[in-house]
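Trainee: coords below, sequence missing:
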């Protein structure tokens, strides 16, 4: 099962909750150095040291823009299609893998793991990889889906959008990729199939500099 888009604390607005990276921390090579109290929210003063800690594995080495916090990152989890995608119920045809309170199982991704988008690069850094809400979970709301109003796309000076699929593979898409392709990739159970030829064979993504 994949984590929900935010750590579920119903009393907190999604923008104040911790994001999906908090439950992943124990599985990475960058463990937490401080205690975390999720119910206090990521912006709480007690988490100031954590938010000021660089999250190297979530940095795109091609990104050169200034970061608001040292924990800012360059990747976003995909919620599906529409501005409301992250809040949609599990069985909605526009849902993607991630939702604010939605946890996807492998079995729920009926379009196929190799046809379903999980994470993409951002045009510019988010505030912090620990920030819940739109900073770390987004749906494709308006066209152009890549390098458009949602801030999802290729870093300035590059010509490829790096994507992580649900099967763990990494591919590269042109910012000019067809909108119907993006919609097919972003949803997990809409009956879409994606031809392997749409990806760049030479693409390679690393989460380390």
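Mentor: Here it is on my side, so go on. Worth saying up front: this structure is predicted, and the values here are computed from it rather than measured. Residues are numbered from 1 along each chain as shown.
Trainee: mind listing the helices for this protein?
Mentor: Taking DSSP state H as the test, the helices found in the chain are 48-51, 179-186.
Trainee: looking at these, which is buried most?
Mentor: Most buried of the helices of the chain by mean neighbour count (mean count of other CB atoms under 10 Å) is helix 179-186; its value is a mean of 19. (Glycine included, C-beta is placed from N, CA and C.)
Trainee: residues touching the residue positioned nearest the centre of the chain, list them.
Mentor: Nearest to the geometric centre of the chain sits residue 77, at 1.6 Å (CA atoms, centre = their mean). Applying CB atoms under 8 Å, 6 or more residues apart in numbering, we find residue 77 in contact with 5, 20, 97-98, 118-119, 136-138.
Trainee: how close does the closest residue to residue 135 other than its chain neighbours get to residue 115?
Mentor: Leaving aside its sequence neighbours, residue 135 sits nearest to residue 126 (CB to CB, 6 or more residues apart in numbering; 4.3 Å). Residue 126 sits at a distance of 26 Å from residue 115 (criterion: CB to CB, to the nearest Å).
Trainee: if you count surrounding residues, which of those two has more?
Mentor: More crowded of residue 126 and residue 115, by other CB atoms under 10 Å: residue 126, with 25 against 20.
Trainee: what about residue 174, neighbour count?
Mentor: Number of residues near residue 174 (other CB under 10 Å) recorded here: 16.
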